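>>> take this sequence and fold it.
(one chain, ligands or ions: 1)
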Amino acid sequence: MQVRFSHVSLAFTPGKDTLHDLNFTINDGELVCLLGPSGGGKSTTLNLISGLLVPTNGQIFFDEQDVTNLSPLERKIGMVFQNYSLYPHLNVENNIAFPLKIAHWPKEKRLARAAELAKLVHVDDQLKKSVNELSGGQQQRVAIARALAKDPNILLLDEPLSNLDARLRMEMRDEIRRIQQETKITTIFVTHDQSEAMHISDSVMVLHAAQIQQYSKPNELYDHPANEFVASFIGDNPLNTFDRALLDDTALRADLGPAYDQASQVGVRAENMVLTKSEETFPHGIKCKLLKSHRYGLISTRLYSFKGVELDATGLTEIHSTDEEVEVFFQKRGFFLFDEAGRNITND
Ligand SMILES: Nc1ncnc2c1ncn2[C@@H]1O[C@H](COP(=O)(O)OP(=O)(O)OP(=O)(O)O)[C@@H](O)[C@H]1O
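Just a heads-up that it's a prediction; the model follows:
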């Protein structure tokens, strides 16, 4: 089922929008992550989709149906939370079948459905166990199966992996993707973990400051961030930013094209600061002084000074002795020009 927001705003306090004029479409059968820093509005957006919150303005559609004023039950939503919220006194089978019991399904039918879902989420060998005997990952599998029991229109997951350790997180991340692809259910997944979002999603919506900062394919966020916020937020290494004016008297200026004159800030990813000129870099570099360098097995990190600004670099490159002056080249793919408003105008 498709989800569409049309001019949706939400103000918890009158006159102060927590979400302002959201317009987006999540296509049928897609897995979309809502990503952003704490307080960015991810859970609020999810709750608007579920019907737990009603917008202050605007409309929400599931396919062609206006669901703005429908309850979660009427919207036929399946939800999975961070803390699983399983019923501790029930076994796996009865946890999964519980929503069907409430809906008065006959026992035989609901247990057959529970068995089918247990198979889908790979807990079919645990059906008679108490949920207290399960690991965190298994409990989350049961919670997903339970959310799918009534064949919901949409599956919503609110930070479902944050209580798991790092290894299990990765395993369950892949499992959620598999389950989603097998069921083809439109799924919306909230996370503040960009790596999780990048690995699992068809599209990622970055929320911050009451707005959608960018809504695109995962790699698009990294390769073509819409603005300085997204460029800094996405990526494992820090984004270096400095005043564009610092490049005025360098030869690099000639390489940067028309956007150069409108730009106020420059952003360069640490992994795109290299010591060798190539087709991937601009033809001219900048003269930097190496302040620090460390090698951690395969990867080395360096700290440069360029006209008093410190720039981080990271990569496979060999390290140099400190205090050396070196020419640093920027790879084009991790180099951005931002205007006064922070918009990425690199290719304008
Ligand atoms: N019921 C509420 N009443 C008033 N303000 C709220 C309420 N719920 C959320 N907020 C505020 O709305 C903003 C967005 O909150 P939300 O929980 O959607 O963010 P989030 O991106 O999910 O953050 P986190 O990652 O910390 O869960 C925050 O400033 C929060 O304090």
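
>>> only C-alpha atoms for contact and neighbour calcs from this point on.
Fine.

>>> hey, C-alpha coordinates of the longest helix seen in the chain in CSV?
The single longest helix within the chain, with elements called by DSSP state H, is helix 166-183. C-alpha atoms of helix 166-183 as CSV (Å, rounded to 0.1, in the frame of the first residue of the first chain):
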residue,chain,number,x,y,z
ALA,A,166,26.3,-5.1,17.5
ARG,A,167,26.4,-8.6,15.9
LEU,A,168,22.8,-9.3,16.4
ARG,A,169,21.8,-5.9,15.1
MET,A,170,23.5,-6.7,11.8
GLU,A,171,21.9,-10.2,11.6
MET,A,172,18.4,-8.8,12.4
ARG,A,173,18.8,-5.9,10.0
ASP,A,174,19.3,-8.4,7.2
GLU,A,175,16.5,-10.5,8.5
ILE,A,176,14.0,-7.6,8.5
ARG,A,177,15.0,-6.9,4.9
ARG,A,178,14.5,-10.6,4.0
ILE,A,179,11.1,-10.7,5.7
GLN,A,180,10.0,-7.5,4.1
GLN,A,181,11.0,-8.7,0.7
GLU,A,182,9.2,-12.0,1.2
THR,A,183,6.0,-10.4,2.3
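
>>> quick one: mean pLDDT for stretch 183-193?
The pLDDT scores in stretch 183-193 average 95.

>>> off-centre distance for that stretch?
Distance of stretch 183-193 from its chain centroid, counting by C-alpha atoms, centre = their mean, to the nearest Å, is 10 Å.

>>> so which residues on the stretch 101-250 of the chain come close to the ligand?
Within the stretch 101-250 of the chain, the positions lying close to the ligand (C-alpha under 6 Å from any ligand atom) are residue 192.

>>> pLDDT weak spots in the stretch 101-250 of the chain?
For the stretch 101-250 of the chain, no stretch is flagged by pLDDT under 70.

>>> taking it, what residue is nearest to the ligand?
residue 192 (5.9 Å; C-alpha to the nearest ligand atom).

>>> and that residue, what does it touch?
By C-alpha atoms under 8 Å, 6 or more residues apart in numbering, the contact set of residue 192 is 35-38, 159.

>>> export those to TSV and tack on neighbour count, distance to residue 16 and secondary structure?
Below are those laid out as TSV (neighbours: other C-alpha atoms under 10 Å; distance: C-alpha to C-alpha, whole Å; DSSP: H, G, I helix; E, B strand; the rest coil):
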residue	neighbour count	distance to residue 16	secondary structure
35	28	22	strand
36	25	20	coil
37	16	19	coil
38	12	18	coil
159	19	26	coil
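
>>> and of those, the nearest to the ligand?
Ranked by distance to the ligand (C-alpha to the nearest ligand atom), those are led by residue 38 at 3.6 Å.

>>> and for that closest one, nearest residue in space, chain neighbours not counted?
residue 192 (7.2 Å; C-alpha to C-alpha, 6 or more residues apart in numbering).

>>> quick check: the one you found vs residue 158, distance?
Note on residue 192: its distance to residue 158, by C-alpha to C-alpha, to the nearest Å, is 10 Å.

>>> cool, and residue 65?
Counting by C-alpha to C-alpha, the gap from residue 65 to residue 158 is 24 Å.

>>> can you check residue 178 too?
To residue 158, residue 178 is 18 Å away according to C-alpha to C-alpha.

>>> for residue 9, same thing?
As judged by C-alpha to C-alpha, residue 9 and residue 158 stand 20 Å apart.

>>> residue 280 now?
To residue 158, residue 280 is 40 Å away according to C-alpha to C-alpha.

>>> which one's more surrounded, the two?
residue 158 (21 against 13; other C-alpha atoms under 10 Å).

>>> so the more buried one sits right up against residue 187, yeah?
No. Between residue 158 and residue 187 there is no contact under C-alpha atoms under 8 Å: 10.9 Å.

>>> what number of residues lie near residue 308?
10.

>>> can you pull the pLDDT of it?
The model's pLDDT for residue 308 equals 93.

>>> would you map the helices across this protein?
42-50, 72-75, 92-102, 107-120, 136-148, 166-183, 194-200, 218-223, 228-233, 259-262.

>>> deepest-packed of the ones you listed, please.
helix 136-148 (a mean of 24; mean count of other C-alpha atoms under 10 Å).
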